[in-house]
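Undergrad: Turn this into a model:
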Amino acid sequence: MATSKSLVIVESPAKAKTIEKYLGRGYEVRASVGHIMDLPKNDIGVELKKRTFEPTLIVSPGKEKVVDQLRKAGAKADEIYLAPDPDREGEAIAYHLAMQLGKNAAERKKIRRVTFNEITKKAVQEAFQHARDIDQNLVNAQQTRRVLDRLVGYQISPLLWDKVRRGLSAGRVQTVALRLIVERERLIRAFNPVEYWTLDAFLHPERQGGSSFKARLVGINGERVSVETVSAPAFPGEKETKAALAALEHADWTVASIDKKQRKQNPPPPFTTSQLQQDASRKLGFNVRRTMGIAQRLYEGVEIGSEGSIGLITYMRTDSPRVAPEAKVSARDWIAKNLGAQYLPETPNNYKGKKDMQDAHEAIRPTDAARTPESLAGYLSDEQLKLYKLIWQRFVASQMVPAQLAITQVNIAAQSRLDKRTYDFRVSGTTVVFDGYQRVYEASKERKDEDDESLANKLPNLDGVNRLELEKLEPEQHFTEPPPRYNEASLVRELEEQGIGRPSTYASIINTIQDREYVVKHGGSRGRFYPTEIGVVVCDLLVESFPYIFDTKYTARLEEELDDIEEGKEKWTDLLNGFYDYFEDELKDAGKKMRNVKRMEEMTHEKCDVCGSPLVLKWGKFGTFYACSAFNKKDPASCTFTKENISAKPDLNTPEAQEAGETEEYCENCGKVMVLRRGAFGPFMSCPDYNADPPCRTFRKLSQKQQQKPPEPTGEDCPVCGKPLVLRQGAYGEFVSCSGYPKCKYIKQNLIEGMKCPKCGEGDLAERKARRGNVFWGCTNYPKCDFTSNNKPVPKKCPQCGSPYLVEKVLRSGIYLECPNKKKSAEEESSTRKRSKKTAAGDEATVVCTYSKRIGDAPPPPTVETHGPVVEKEKKELQPV
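TA: Residues are numbered from 1 along each chain as shown. A predicted model of the protein is given here:
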């Protein structure tokens, strides 16, 4: 009897490798390598005339081969299981696979959907016992998000091209995130600091000596000292502070009261996506892209010795803190065995999410609490171990008892003999009576609060103490500070709090606004976001022209409606119809009323450094700049002075921007440090595991601006105008030119010393680079002289035929000096004629010569490290648009 065959399709090769061993014989596991279908790139791909909003889906360019292979494998299988990730995007991938593999009723009948939150043997095998149909509500929710983003991107971006600059793009959610950053920057720039003074007293018990402690002034005669906009007790200025200092130099210090109380500090819930991203940023210095890439690998599977590939954590895109019962048992067993019963609550701790619907997922946790970080240290990379340890500690702590804290607050009275007033001081101290969950995990905070200061204070025992002695008074001047700029952790928290985006979108939102150069991040791994000038302009134009669509509250409401579609409470077309009613009206108005920044010409009070005429503010390729108002295109002699508009650029001289830190870029799929490589179309960033087994095919093209290095001085002066020469990056590689460009257009050429052109006898021979990147040598008198040579000419006379020069040829067998008149083989002649009818003048074989001399070894062949990987066609869709 023939055994049945089943085809299982997942998204990634790493995931396929892990689950294949759990399924045994009779199952073939293949990877779709992400999405296989999408909207067309050259068309909006959404039906708008009849308002059906039906998307036109096509096989993604480059995925034809993958789809064809999956179809052939599916035709041979008795059953097809679609096992992409357990979220909306995974459901959409499964739906697209079913569209391609189920062309008729018989094929559709054998297609089933399986999902699992963790890649373990038990979870995978159990999932296959509960296979289901594709959830159309999940598909509709994801499809609606895609259509919304397409409508916004494809219909607003052309407006930006027309009004600002070609190549710009608008994103529905990304623009709102950009708006948060721009508005925070404006708050910071408009902020006026307020002066205030604090006063601390260093005291110790009278006649007892011992350690001193610090108390802070909080009031006078029972009334709080305060400054408007300052939350802490303080004086408004130095005058009031000095008066208090004078009075306190003649004061009697006594303990007015001591208040003691116990407080419980409950353990935090296990990680959701946003909480993991924030904690990894604060504790480990990982950015969002790096965190999610490392978590992806931990979820899909890591090689653990003889056990093979094991999924170590549950699915990492979730906003639910719920934990499966068996996982709680696993954690409780470990706690009881390794820490003791005193750390174990009577019943498991339960945590609820914001919405019941999202509790279909679990929190991010280890798949087995018994796999401690220490037991995996020999198998994980350093960054994988750090993140796994963070996840493991948080999960185990979530099932432990609260910490018990003892809080002591001491109120102190300083009775001044000078002005007869009582100055009220206070100090608080916190001690940990029982560490509880803190035994394994310490919660992180972005900023310190009073609890942190209380824990830092080490109070001596003041029971029974009445009088205190003053050691010294310490006044300190302060100024209020503006709200901090967003970093990745705080931006994710803000997006989550306002309901903008979902766990699966946070990383892409942050990556997109940086890739589009709307914001820059400075200050190391925990760097802060600064909006660029183009980011501010785009944000302002979009918010002015589309006040409803890019409103933060409306964006959050759309997210809730997408959740309703997922639950089956709302039709996806109803949401799109409601959205498009507003969008269409605002789009028409924007086409008529949006400011044309390209044509901006604003007169200023600045004066030209050359002729003294007023300067005008204009818009250029890289933002605003000052130009002389006396400039006239038709008059070559008119003033051409220009200068950069420094005030519009991000202020990167702030302390937070100057913080040192990591500048590497991390793979969004596996978390490894991306490497810079050079391909056929220029430099690009690639994952170091591009050709590993299993491969990680992540790569990212660099923008033209990113590819360009800033000009570097060479130490030489221009022979034409005397200004310094600089090394620049051009379309065809590096070149040396005058720093006075565009006034001076001198370009230094790589000339062959001691040799003139063999054809015209006047020009020099210079190295040139063709469009395809190949190097050739040509006469500097071009186009008057058309001499070229594909091989480098050498100023040596041929010893056989007397040719005035030789050429240097680089072959696999070595480097040779050959005569340019060396006879070519019939095969070489034929291929030359096919390439070009016009033969290079220097290569014409009018005289037959056989001279050839080997002068060196051939250079090493190109490698992946030196020239980058060969990008396969089916991976092209990974390039960002």
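Undergrad: where does residue 386 land in three-state SS?
TA: At residue 386 the chain is in helix, as set by DSSP: H, G, I helix; E, B strand; the rest coil.
Undergrad: Please apply the same query to the one 4 residues further on.
TA: Under three-state DSSP, residue 390 falls in the helix class.
Undergrad: can you pull the contacts of it?
TA: By C-beta atoms under 8 Å, 6 or more residues apart in numbering, the contact set of residue 390 is 276, 279-280, 283-284. Quick note: C-beta positions are derived from backbone N, CA and C, even for glycine.
Undergrad: one more time with 10 Å, if that's ok
TA: If you count contacts by C-beta atoms under 10 Å, 6 or more residues apart in numbering, residue 390 has them with 271, 276, 279-280, 283-284, 286, 291, 364, 373, 441, 444.
Undergrad: how much space between it and residue 288?
TA: Plainly put, residue 390 is 14 Å away from residue 288 if you go by C-beta to C-beta, to the nearest Å.
Undergrad: With residue 190 instead?
TA: Counting by C-beta to C-beta, the separation of residue 190 from residue 288 is 29 Å.
Undergrad: How about residues contacting stretch 206-216?
TA: Contacts of stretch 206-216 (C-beta under 10 Å, 6+ apart): 198-205, 232-234, 253-254, 410-412, 414, 424-429, 453, 457-462, 465-472, 474.
Undergrad: And that stretch, what's buried?
TA: Neighbour-count burial for stretch 206-216 flags 212-216 (criterion: 16 or more other C-beta atoms under 10 Å).
Undergrad: Same check on stretch 496-515?
TA: 496, 498-515.
Undergrad: what residue ranges in the stretch 201-350 of the chain are flagged as low confidence?
TA: Low-confidence segments of the stretch 201-350 of the chain (pLDDT under 70): 208-210.
Undergrad: Let me see the ranges of the helices in it.
TA: Listed in chain order, the helices of the stretch 201-350 of the chain (DSSP state H, counting those that start in this stretch) span 238-248, 273-279, 288-300, 325-338.
Undergrad: got it, and the stretch 1-150 of the chain?
TA: So, for the stretch 1-150 of the chain - with DSSP H, counting those that start in this stretch - the helices run 13-23, 64-76, 88-101, 105-109, 121-129, 136-163.
Undergrad: Can you get me a residue count around residue 194?
TA: Residue 194 is flanked by 15 other residues according to other C-beta atoms under 10 Å.
Undergrad: list the contacts for it?
TA: Counted by C-beta under 10 Å, 6+ apart, residue 194 has contacts 227-230, 234, 236, 478-481.
Undergrad: Can you lay out the residues you listed as a markdown table showing neighbour count?
TA: Compiled in a markdown table, the contacts of residue 194 are given as follows (neighbours: other C-beta atoms under 10 Å):
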| residue | neighbour count |
| --- | --- |
| 227 | 19 |
| 228 | 7 |
| 229 | 10 |
| 230 | 17 |
| 234 | 24 |
| 236 | 16 |
| 478 | 15 |
| 479 | 10 |
| 480 | 14 |
| 481 | 10 |
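Undergrad: Return the closest of those with respect to residue 621.
TA: The shortest approach to residue 621 among those belongs to residue 481, at 36.2 Å (C-beta to C-beta).
Undergrad: Can you read off the pLDDT for the nearest residue to residue 377 once chain neighbours are set aside?
TA: Computed as C-beta to C-beta, 6 or more residues apart in numbering, the closest residue to residue 377 that is not its neighbour in sequence is residue 385, at 5.9 Å. The model reports residue 385 with a pLDDT of 96.
Undergrad: go on, residue 36?
TA: As predicted, residue 36 sits at a pLDDT of 96.
Undergrad: ok, now the one 3 residues further on?
TA: Per-residue confidence for residue 39 comes out at a pLDDT of 96.
Undergrad: what sits against the residue nearest to residue 377?
TA: Counted by C-beta under 10 Å, 6+ apart, residue 385 has contacts 294, 298, 373-374, 376-379.
Undergrad: how about 8 Å then?
TA: By C-beta under 8 Å, 6+ apart, residue 385 lies in contact with 373, 376-377.
Undergrad: which residue ranges form the strands in the stretch 651-800 of the chain?
TA: Using DSSP state E, counting those that start in this stretch, the strands of the stretch 651-800 of the chain run over 675-679, 682-686, 699-701, 712-717, 724-730, 733-738, 747-748, 751-756, 764-769, 775-779, 788-789, 792-794.
Undergrad: Which one of the helices of the stretch 201-350 of the chain lies nearest to residue 813?
TA: Of all the helices of the stretch 201-350 of the chain, helix 288-300 comes closest under C-beta to C-beta, at 44.1 Å.
Undergrad: That closest one packs against which elements?
TA: Contact analysis of helix 288-300 by 3 or more C-beta pairs under 8 Å, 6 or more residues apart in numbering; DSSP states H and E lists helix 13-23, helix 273-279, helix 382-398, helix 506-515 as its packing neighbours.
Undergrad: follow-up on the earlier one: which of the buried residues of stretch 206-216 lies closest to residue 330?
TA: The closest of these to residue 330 turns out to be residue 213 (C-beta to C-beta; 44.9 Å).
Undergrad: before we move on, back to that, tell me the two of the contacts of residue 194 that are most distant?
TA: Pairwise over the contacts of residue 194, using C-beta to C-beta, the maximum falls at 236 and 481, 16.9 Å.
Undergrad: Can I get the helix or strand residue 538 falls within as CSV, trimmed to CA atoms?
TA: Residue 538 is part of helix 533-545 when elements are defined by DSSP states H and E. Provided in CSV are the C-alpha atoms of helix 533-545 (Å, rounded to 0.1, in the frame of the first residue of the first chain):
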residue,chain,number,x,y,z
GLU,A,533,14.4,69.4,6.5
ILE,A,534,12.8,67.3,3.8
GLY,A,535,11.0,65.4,6.5
VAL,A,536,9.6,68.6,8.0
VAL,A,537,8.5,69.9,4.6
VAL,A,538,6.8,66.7,3.6
CYS,A,539,5.1,66.4,7.0
ASP,A,540,3.8,69.9,6.9
LEU,A,541,2.5,69.6,3.4
LEU,A,542,0.7,66.4,4.1
VAL,A,543,-0.9,67.5,7.4
GLU,A,544,-2.0,70.8,5.9
SER,A,545,-3.5,69.1,2.8
